[in-house]
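> I'll drop the sequence and a predicted model, then ask my questions.
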Amino acid sequence: MTVRYVESSKLPTPWGMFEMHGFEDTESGKEHVVLTMGDVGTDEPVLARIHSECLTGDALFSLRCDCGAQLQHALHRIALEGRGAVFYLRQEGRGIGLLNKIKAYHLQDCGADTVEANEALGFGADMRDYTILKPMLEHLGIQSLKLMTNNPRKVKALEAMGISVTERLAHQTGRNPHNVKYLETKKGKLGHLLQDDGGED
Ligand SMILES: Nc1nc2c(ncn2[C@@H]2O[C@H](COP(=O)(O)OP(=O)(O)OP(=O)(O)O)[C@@H](O)[C@H]2O)c(=O)[nH]1
Ligand SMILES: [Zn+2]
């Protein structure tokens, strides 16, 4: 795994001014970005979101999942605190890629759940790899995370790599009639800690 830092720039958003840092995974050619606000290079734990790319939810307004709402909510929470980081990792479709995710959505249209669909296509339920994070965190001087996530497996995966997660902060938002079954499957099969009332944190 070789990660190359490329450049940083300002990124104004509806929630405030972020700094955008670009990295390249030189093995896969994938381009990752981190949005930061405030001084993240101190020993104070950083409010952070490790967000996996979801073109449909993040950019195309899809209501099949909760990704777009979670991304916006993370930027909002960081802006309120004045300090934090969103890691936008290019592992679309829990690592299977966009076109395979469309195939998985087609199977879900025919009745499969999100895990069954991945498995029917010959993939694991979650193919993501977080090893890219370590050099990105080091580059930014981030020492520990207050992680906004409902996914305890994500926390475990980071800790197994030696990344310090001082706190898991629930990050539940974006429930709608189109993603109820999907969220139920995430809770039942993927172990996400989700409140049934759709409880905003
Ligand atoms: N294969 C597949 N990927 C999906 C599907 N729906 C969303 N995704 C992808 O799932 C990833 C987001 O993972 P989630 O399981 O929603 O959330 P998480 O990152 O594990 O946990 P949180 O931190 O709580 O959001 C993104 O890469 C999406 O593109 C689906 O039905 N099939
Ligand atoms: Zn999504």
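Sure, I can see it. Ligands and ions are numbered 1, 2, ... in the order given.
> quick check, pLDDT for the closest residue to C54 other than its chain neighbours.
Nearest non-adjacent residue to C54, counting by Cβ to Cβ, 6 or more residues apart in numbering: C67, 3.7 Å away. To be clear about C-beta, it is placed using only N, CA and C from the backbone, and glycine gets the same treatment. C67 carries a pLDDT value of 96.
> tell me the contacts of C67?
51-52, 54, 56-58, 174 (Cβ atoms under 8 Å, 6 or more residues apart in numbering).
> also near ligand 1: which of those, exactly?
By Cβ under 6 Å from any ligand atom, the members of those lying near ligand 1 are 52, 54.
> who's the residue positioned nearest the centre of the chain bridged to?
For the chain, the residue lying nearest the average C-alpha position, counting by Cα atoms, centre = their mean, turns out to be H51 (1.6 Å). Beta bridges link H51 to Y88, judged by DSSP bridges.
> tell me the contacts of it?
58, 67, 70-71, 74, 86-89.
> and for V40, the neighbour number?
Using other Cβ atoms under 10 Å, V40 has 20 neighbouring residues.
> likewise K101?
When counting by other Cβ under 10 Å, one arrives at 23 neighbours for K101.
> whether the longest helix seen in the chain contacts ligand 2 - can you check?
Longest helix in the chain by number of residues (criterion: DSSP state H): helix 67-81. Yes - shown here: helix 67-81 in contact with ligand 2 (Cβ under 5 Å from the ion) through C67.
> can you check stretch 47-60 too?
Yes - against ligand 2, stretch 47-60 shows contacts by Cβ under 5 Å from the ion at 54, 57.
> list the buried residues for that stretch?
47-54, 56-58 (16 or more other Cβ atoms under 10 Å).
> if we can go back for a sec, tell me which of the contacts of C67 fall in strands.
51-52 (DSSP state E).
> sorry, back to before: any chance of the buried residues of stretch 47-60 in CSV, plus distance to T131?
Below are the buried residues of stretch 47-60 laid out as CSV (distance: Cβ to Cβ, whole Å):
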residue, distance to T131
L47, 22
A48, 17
R49, 18
I50, 12
H51, 17
S52, 14
E53, 16
C54, 20
T56, 25
G57, 24
D58, 22
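> what's the most distant pair in the residues you listed?
L47 and T56 (26.1 Å; Cβ to Cβ).
> distance check, the residue nearest to C54 against G41.
As judged by Cβ to Cβ, to the nearest Å, C67 and G41 stand 28 Å apart.
> do the same with D129
Noted for D129: a distance of 25 Å to G41, by Cβ to Cβ.
> picking that back up, pull the distance from the longest helix of the chain to the chain's centre.
With Cα atoms, centre = their mean, to the nearest Å as the basis, helix 67-81 stands 11 Å off its chain's centre.
> again, but for stretch 186-193
16 Å.
> dump the C-alpha coordinates for that stretch into CSV.
Extracted in CSV, the C-alpha atoms of stretch 186-193 (Å, rounded to 0.1, in the frame of the first residue of the first chain):
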residue,chain,number,x,y,z
LYS,A,186,-27.8,-3.6,8.2
LYS,A,187,-28.9,-4.0,11.7
GLY,A,188,-29.8,-7.7,11.6
LYS,A,189,-27.0,-9.1,9.4
LEU,A,190,-24.2,-6.5,9.4
GLY,A,191,-24.4,-5.6,13.1
HIS,A,192,-25.1,-1.9,12.8
LEU,A,193,-26.4,-0.3,16.0
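> thanks a lot, catch you later.
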